[in-house]
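Q: how would this look folded up:
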Amino acid sequence: MLWSGGLAGAAGACKYNGLIALLPGALVVCGAFLRKPSSGLHFGLALLLGALIGAGPWLGFNLWHAGDPVFPFLGHWLPSHYWNPADVDGAIRALDQVGPGKGVTDLLLLPWRAVVNPG
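A: Reported below is the predicted structural model:
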């Protein structure tokens, strides 16, 4: 579980969406807890410790330099001297404008758009 947590934490340090890799380990922890609570607790602590080892250096770096471990995504709650809340709102609005689309129609048209308009 320590390795699983460490690798999931490293994935989360690369891109915060990578923390979803903790879900399979969390399911194992839940199953172990249902069978024997003490082993489930040990597995859970090992998974958490591994995730902190994997993601901790990056989260600590962000916390030290920006005051926010997941900078800039908590800019409304953890103010930074780098970005103000208006900057965070602007960045979020800009991120909503890029990408392949948001609906089923965009998903179905994605191969066509990738070939016809790759830029």
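
Q: Count the neighbours of residue 59 for me.
A: 19 (other CB atoms under 10 Å). Using the backbone N, CA and C atoms, a C-beta is placed for each residue, glycine as well.

Q: ugh, typo on my part, it should be residue 73
A: Neighbours of residue 73 (other CB under 10 Å): 14.

Q: On the three-state scheme, it is what?
A: Assigned with DSSP: H, G, I helix; E, B strand; the rest coil, residue 73 falls in the coil class.

Q: Next up, the contacts around it.
A: 16, 88 (CB atoms under 8 Å, 6 or more residues apart in numbering).

Q: Show me where this protein has its helices.
A: Here the chain has its helices, by DSSP state H, at 2-14, 22-35, 37-66, 85-96, 104-116.

Q: Out of those, which is closest to residue 79?
A: helix 85-96 (7.6 Å; CB to CB).

Q: what separates the most centrally placed residue in the chain from residue 59, distance-wise?
A: Central residue of the chain (CA atoms, centre = their mean): residue 16, 2.3 Å from the mean position. Here residue 16 is placed at a distance of 10 Å from residue 59 (CB to CB, to the nearest Å).

Q: Let me see the contact set for residue 69.
A: 59, 60, 62, 63.

Q: quick revisit: out of the helices of the chain, which is the most enclosed?
A: helix 2-14 (a mean of 20; mean count of other CB atoms under 10 Å).

Q: Show me the shaky parts of the chain.
A: Applying pLDDT under 70 to the chain flags residues 118-119.

Q: redo that, cut-off 80
A: Along the chain, the parts satisfying pLDDT under 80 run over 71-85, 88, 92, 95-101, 118-119.

Q: pretty sure residue 22 is touching residue 10, no?
A: No - taking contacts as CB atoms under 8 Å, residue 22 lies outside contact range of residue 10: 11.3 Å.

Q: Spit out the residues that contact these two alike.
A: By CB under 8 Å, 6+ apart, no residue touches both residue 22 and residue 10.

Q: Enumerate the positions of stretch 69-76 that are buried.
A: By neighbour count, with 16 or more other CB atoms under 10 Å as the criterion, the buried positions of stretch 69-76 are 69, 70, 71, 72, 75.

Q: Could you dump those into TSV with distance to residue 101 added?
A: Shown next, in TSV, are the buried residues of stretch 69-76 (distance: CB to CB, whole Å):
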residue	distance to residue 101
69	31
70	26
71	28
72	24
75	26
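
Q: Sounds good, over and out.
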